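Colleague: Sequence and predicted structure, then a few things I'm wondering about:
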Amino acid sequence: MTRLSKKCAEITLGKPVELLNNLKMNLIEVDQELACKDFYGKVIGISEGNSHSHVVRFTAVPAEVRSYFQAHMQYVTKTAIN
């Protein structure tokens, strides 16, 4: 993930994916309990100039993953302000 919001993320994938494809995702480099929580999204855009970078709108996100995203966004906002 290179960018994150409450409803969407920009992600870089190993290969281009067509618009409107559904993705099943999970987090890496987190504890095992969180890593096993799958979440889902739909590709709604492809970044200009980089066919491997996609905009994904989240369609189903478990509460634990949503909390992780919210904490991450708050941390980034705090460190950017200081």
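Modeller: All right, it came through fine.
Colleague: quick one: residue 71 is in a strand?
Modeller: No: assessed with DSSP: H, G, I helix; E, B strand; the rest coil, residue 71 is helix; it does not lie in a strand.
Colleague: Flag the shaky bits of the protein, pLDDT-wise.
Modeller: 77-82 (pLDDT under 70).
Colleague: The same query, at a cut-off of 80, please.
Modeller: For the chain, the stretches flagged by pLDDT under 80 are 75-82.
Colleague: The residue lying closest to residue 16 once chain neighbours are set aside is in what secondary structure piece?
Modeller: With sequence-adjacent residues excluded and distances taken as CB to CB, 6 or more residues apart in numbering, residue 16 is closest to residue 51, at 4.4 Å. For glycine as for every other residue, the C-beta is placed from the backbone atoms N, C-alpha and C. Assigned by DSSP states H and E, residue 51 belongs to no helix or strand.
Colleague: what's the answer for residue 74, then?
Modeller: Secondary structure (DSSP H and E) places residue 74 in helix 63-81.
Colleague: just how off-centre is that helix within its chain?
Modeller: Remark: helix 63-81 is offset 12 Å from the chain centroid, using CA atoms, centre = their mean, to the nearest Å.
Colleague: And that helix, what does it pack against?
Modeller: When contacts are defined as 3 or more CB pairs under 8 Å, 6 or more residues apart in numbering; DSSP states H and E, helix 63-81 packs onto strand 3-4, helix 32-35.
Colleague: Bridged to the nearest residue to residue 2 once chain neighbours are set aside, which residues?
Modeller: Leaving aside its sequence neighbours, residue 2 sits nearest to residue 10 (CB to CB, 6+ apart; 5.0 Å). For residue 10, the beta-bridge partners are residue 3, residue 55 (DSSP bridges).
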